[in-house]
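> Provided below are the primary sequence and the corresponding predicted coordinates.
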Amino acid sequence: MIPRFYPIFDHPDWLRRALPLGVKFVQLRIKDQPQDRLREMLAEGRDLCRAHGAQLVVNDHWQLAIELGCDWLHLGQEDLESADLMAIRGAGLKLGVSTHDEAELDRALTVIPDYIALGPVWPTILKKMKWHQQGVEKLTEWKRLCAGVPLVAIGGLSVERAPLALAAGADCVSVVTDITLNADPEARIGQWLEATA
């Protein structure tokens with residue numbers, strides 16, 4: 001089982017702030033960086049997580065996740081096309097996969113993921129997506145269809161909405177802007193940890 005709170009950040013500096021507060025499962029989603037810089041940032045994130053007894057999930061960059069000996073990888077559906085799943089599994093990486101509809105869920109289940117993410121549960125300002133909000137009731141349906149694979153709710157989550165997502169069937173709630181755009185991110189992380197304890 002995975003921890004119930006799963007923040008996503010775009011820079012290891014956020015890990016320096018979040019990990020000492022008790023975050024144990026965190027994703028680095030780093031975009032638009034040169035390969036060398038990307039490697040440095042992911043290695044820094046890996047080391048920070050290890051120092052705090054936390055698990056780092058690397059978004060997208062499966063080759064670097066293998067190279068750096070990371071524990072977790074998250075892939076979107078488009079990344080499943082190009083990723084070498086045998087190499088990923090051979091390296092011992094645990095795998096999370098994004099889903100938005102039943103076709104994607106069926107495909108995700110074929111790779112025997114370690115979690116499945118459904119989103120956006122609520123409207124999100126972070127990404128332009130072709131999918132409208134899924135609604136909290138779809139988490140209940142997904143939980144049934146996931147057949148025991150842990151389910152992550154993502155998209156438009158807030159501290160106030162987290163209990164609704166968990167009650168609907170999510171095993172874990174993931175969040176970005178509710179923390180990163182908050183005036184006091186550390187206090188907000190504390191509220192998240194309390195809400196998901």
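Received the coordinates, thanks.
> skipping adjacent residues, who's closest to Val173 in space?
Leaving aside its sequence neighbours, Val173 sits nearest to Ala162 (Cβ to Cβ, 6 or more residues apart in numbering; 4.6 Å). To be clear about C-beta, it is placed using only N, CA and C from the backbone, and glycine gets the same treatment.
> ok, the one you found touching Leu193?
No - Ala162 lies out of contact with Leu193 (Cβ atoms under 8 Å); the separation is 10.7 Å.
> please tell me I have it right and Pro12 contacts Val26.
No - here Pro12 does not reach Val26: they are 10.1 Å apart, not a contact under Cβ under 8 Å.
> out of the two, which sits in the busier spot?
Each of Pro12 and Val26 has its neighbours counted (other Cβ atoms under 10 Å); Val26 has more, 25 against 21.
> just say helix, strand or coil for the more buried one.
strand (DSSP: H, G, I helix; E, B strand; the rest coil).
> does it have beta-bridge partners, and which?
In this structure, Val26 bridges to Leu56 when assessed by DSSP bridges.
> I'd like to know which elements the helix or strand bottoming out on mean pLDDT in the chain is packed against.
Within the chain, no helix or strand scores below helix 77-82, which has a mean of 91 by mean pLDDT, DSSP states H and E. Where contact means 3 or more Cβ pairs under 8 Å, 6 or more residues apart in numbering; DSSP states H and E, helix 77-82 is packed against strand 94-99, helix 102-110.
> for stretch 138-156, what is the distance to the chain centroid?
Distance of stretch 138-156 from its chain centroid, counting by Cα atoms, centre = their mean, to the nearest Å, is 13 Å.
> and stretch 116-125, by the same measure?
Distance of stretch 116-125 from its chain centroid, counting by Cα atoms, centre = their mean, is 11 Å.
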